[in-house]
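J.: Quick one, fold the following:
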Amino acid sequence: MSAVAAFVKFNRGVMRMPVHWRLWQMLLVVANLIVPIFFLDRLESQMVLGALVVAAGLMTLLTALAGFTRLLGLGHIPWVPLIYFLWTRLDQIPADDLFGLWIRILMVLNCLSLVIDTVDTIRYIAGEREETVKGV
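T.: Coordinates of the predicted model:
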């Protein structure tokens with residue numbers, strides 16, 4: 001499968017997921033793509049956007065290799081070093097302004113996502129390898 005076909009298949013799968021998962025993904029997109037644009041002068045925002053680009057590429061590759069399966073949970077692996085990086089900088093980021101509030105909310109959301117991703121990946125390894133959205 002070509003990279004373009006995998007990218008299209010991934011996005012079709014996302015758009016055909018149940019509403020609650022699309023809402024969750026929308027929240028992650030807002031936190032990891034939209035909000036950082038407003039703080040582009042900050043290294044932390046640049047790192048968030050960089051991790052998102054790497055994750056998107058990884059998810060496209062995983063879609064090409066395994067389809068729209070639970071293995072896509074591995075796609076957020078770039079968030080592990082990102083969260084660690086942000087954690088090490090929290091003492092330099094005030095919690096009482098918009099930037100500091102966003103960083104803390106982002107860390108919570110991404111950690112929750114990693115828990116979901118871990119469960120999905122374990123389920124894939126345990127044998128649940130069918131596509132999670134049919135007809136993509």
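
J.: got the contact list for the helix or strand bottoming out on mean pLDDT in the chain?
T.: Between all helices and strands in the chain, the lowest mean by mean pLDDT, DSSP states H and E belongs to helix 3-15, at a mean of 84. Contact with helix 3-15 is made by 1, 22, 25, 59-61, 63-64, 67-68, 72, 131-133, 136, as judged by C-beta atoms under 8 Å, 6 or more residues apart in numbering. Quick note: C-beta positions are derived from backbone N, CA and C, even for glycine.

J.: Apply 10 Å and report the result again.
T.: 1-2, 21-22, 25-26, 29, 56-57, 59-65, 67-69, 72, 75, 131-136 (C-beta atoms under 10 Å, 6 or more residues apart in numbering).

J.: How about the secondary structure of the spatially most distant residue from the centre of the chain?
T.: Within the chain, Asp96 marks the point farthest from the mean C-alpha position, 25.8 Å out by C-alpha atoms, centre = their mean. Secondary structure, DSSP: H, G, I helix; E, B strand; the rest coil: Asp96 is coil.

J.: Show the pLDDT at it.
T.: What the model reports as pLDDT for Asp96 is 93.

J.: how about it, what does it touch?
T.: If you count contacts by C-beta under 10 Å, 6+ apart, Asp96 has none.

J.: How about the one 4 residues further on?
T.: For Gly100, the contact set (C-beta under 10 Å, 6+ apart) comprises 44, 90, 92-94.

J.: let's see it at 8 Å
T.: Neighbouring residues of Gly100 by C-beta under 8 Å, 6+ apart: 93-94.
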